[in-house]
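Participant: Below are the sequence and a predicted model; questions follow.
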Amino acid sequence: MHIDWAALGSVFGVSLVATVALVAVFTLGIVGLSRRERATAQGDSAPLALTGAYACFVACAAAVAYGIYLIVA
């Protein structure tokens with residue numbers, strides 16, 4: 001049996017980068033919701049923060065759906 005270490009390393013690298021990117025985008029969504037909460041508490045409106053947060057969460061859901069698609073296909 002022969003293990004292709006280069007391919008294994010490549011898969012590890014791509015999965016690490018994808019995981020860090022997904023966590024970063026999700027964190028941006030949480031920060032957007034936090035800014036909306038802070039603006040609401042001060043009596044302001046923050047539609048851009050809410051829209052950005054929703055966009056981040058949609059991007060996370062799309063990345064997870066694409067990953068599931070790659071596994072199933």
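Facilitator: Perfect, thanks for sending it.
Participant: switch to C-alpha atoms for all contacts and neighbour counts from now on
Facilitator: OK.
Participant: in the helix or strand harbouring Val23, what counts as buried?
Facilitator: Element membership for Val23, per DSSP states H and E: helix 5-41. Applying a neighbour-count criterion of 16 or more other C-alpha atoms under 10 Å, one finds 22, 25-26, 28-33, 35-37 buried in helix 5-41.
Participant: Reformat the residues you listed as CSV; add pLDDT and distance to Cys56.
Facilitator: Output for these, formatted as CSV (pLDDT from 0 to 100; distance: C-alpha to C-alpha, whole Å):
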residue, pLDDT, distance to Cys56
Leu22, 97, 9
Val25, 97, 6
Phe26, 97, 6
Leu28, 96, 7
Gly29, 96, 5
Ile30, 96, 9
Val31, 94, 10
Gly32, 92, 9
Leu33, 93, 10
Arg35, 90, 14
Arg36, 87, 14
Glu37, 86, 17
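Participant: How far off centre is the helix holding Val23?
Facilitator: On the basis of C-alpha atoms, centre = their mean, to the nearest Å, helix 5-41 sits 4 Å off its chain's mean C-alpha point.
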